[in-house]
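*Asks:* One predicted model, sequence on top.
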Amino acid sequence: MKMRLQKYLAHAGLCSRRKAEEYISNGRIKVNGKTISELGSKIDPIMDSVAFDGKPVIIKQEHSKIYLALNKPEGYVTSCSQTKTKIVMDLIDMNERVYPVGRLDKDSKGLILLTNDGDLHNKLSHPSFDHEKEYIVTTVLPVSDIALKDMAGGMSIDGIKTRKAIVKRISSNQFRIVLKEGRNRQIRKMVQKTGNTVDTLLRIRIANISLGNLKEGTWRYLTHAEIQKLTQ
């Protein structure tokens with residue numbers, strides 16, 4: 001069911017309806033990336049994406065369930081437990097407790113999902129959930145066509161053959177790879193087996209959630225549409 005934009009902004013806790021009308025008139029509100037300056041405009045609170053001064057405006061999710069996307073920098077461990085090293089939870093400035101889904105090794109960077117939804121956490125973490133994870137890999141040496149073909153076709157790592165992957169060249173020493181499994185340091189070991197070394201490893205997508213232009217070290221709430229598709 002659609003609702004007036006100023007009502008949505010007020011319901012999300014951004015401001016009063018009167019102040020919302022002022023923000024709309026001043027062109028500070030965008031819906032699906034388009035500036036909306038007409039009062040009385042209606043939106044779909046589930047399907048549409050609303051932003052104020054470039055920052056997402058989201059109505060608090062039902063049952064206090066929280067779903068976040070984080071752009072993890074290198075040097076952070078995907079852990080909730082405080083250790084002598086930096087952990088991803090150091091980057092989440094909220095009182096509610098959330099937990100990272102899966103892992104991304106300390107030397108890698110990019111997209112991590114965090115949630116307090118136990119059902120979704122278990123679903124995404126279980127090997128039977130056949131979701132894609134996409135990475136951009138930069139290597140120290142140029143990567144050969146044969147190496148790309150070997151990684152795409154599956155190769156034996158730690159005595160177990162990897163599943164087939166989608167691999168596309170970007171440049172002489174950079175490629176894109178899409179996996180449907182998440183073994184420990186898998187991509188690094190695959191590249192090493194071809195006689196090369198990973199220089200940088202960036203995860204840009206998990207299932208239907210993309211990293212987009214999220215700045216390194218920052219996080220955002222998932223949109224209602226993203227949550228709906230992810231939890232189907």
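*Replies:* Nice, I can see it. Residues are numbered from 1 along each chain as shown.
*Asks:* what residues are up against the nearest residue to E96 once chain neighbours are set aside?
*Replies:* Counting by C-beta to C-beta, 6 or more residues apart in numbering, I66 is the residue found nearest to E96 once chain neighbours are left out, at 5.6 Å. In short, each C-beta sits where N, CA and C put it, glycine included. Contact criterion C-beta atoms under 8 Å, 6 or more residues apart in numbering gives 94, 96, 98, 114-117, 221 as the residues in contact with I66.
*Asks:* Can you pick out the most distant pair from those residues?
*Replies:* Distance extremes for these: the farthest pair is M94 and D117 at 14.9 Å, using C-beta to C-beta.
*Asks:* Please say which of those two ends up with more neighbours.
*Replies:* Comparing M94 with D117 by neighbour count (other C-beta atoms under 10 Å), the higher total belongs to D117, at 21 against 10.
*Asks:* Got the confidence number for that one?
*Replies:* Here the pLDDT value assigned to D117 is 85.
*Asks:* can you pull the contacts of it?
*Replies:* Under the criterion of C-beta under 8 Å, 6+ apart, the contact list for D117 reads 65-67, 231.
*Asks:* Show the average pLDDT along the longest strand anywhere in the chain.
*Replies:* Counting residues, the longest strand found in the chain (DSSP state E) is strand 198-206. In this model, strand 198-206 has a mean pLDDT of 98.
*Asks:* gap between that strand and the chain center?
*Replies:* Using C-alpha atoms, centre = their mean, to the nearest Å, the mean C-alpha position of strand 198-206 is found 12 Å from that of the whole chain.
*Asks:* Same question for that strand: list its buried residues.
*Replies:* Neighbour counts over strand 198-206 (16 or more other C-beta atoms under 10 Å) mark 198, 201-206 as buried.
*Asks:* Including distance to R169, could these go into JSON lines?
*Replies:* Supplementary listing: these in JSON lines, determined by distance: C-beta to C-beta, whole Å:
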{"residue": "V198", "distance to R169": "15"}
{"residue": "L201", "distance to R169": "16"}
{"residue": "L202", "distance to R169": "16"}
{"residue": "R203", "distance to R169": "18"}
{"residue": "I204", "distance to R169": "16"}
{"residue": "R205", "distance to R169": "18"}
{"residue": "I206", "distance to R169": "22"}
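*Asks:* which one of the contacts of I66 sits closest to Y23?
*Replies:* The closest of the contacts of I66 to Y23 turns out to be Y221 (C-beta to C-beta; 19.0 Å).
*Asks:* Retrieve the pLDDT associated with that closest one.
*Replies:* Per-residue confidence (pLDDT) for Y221: 90.
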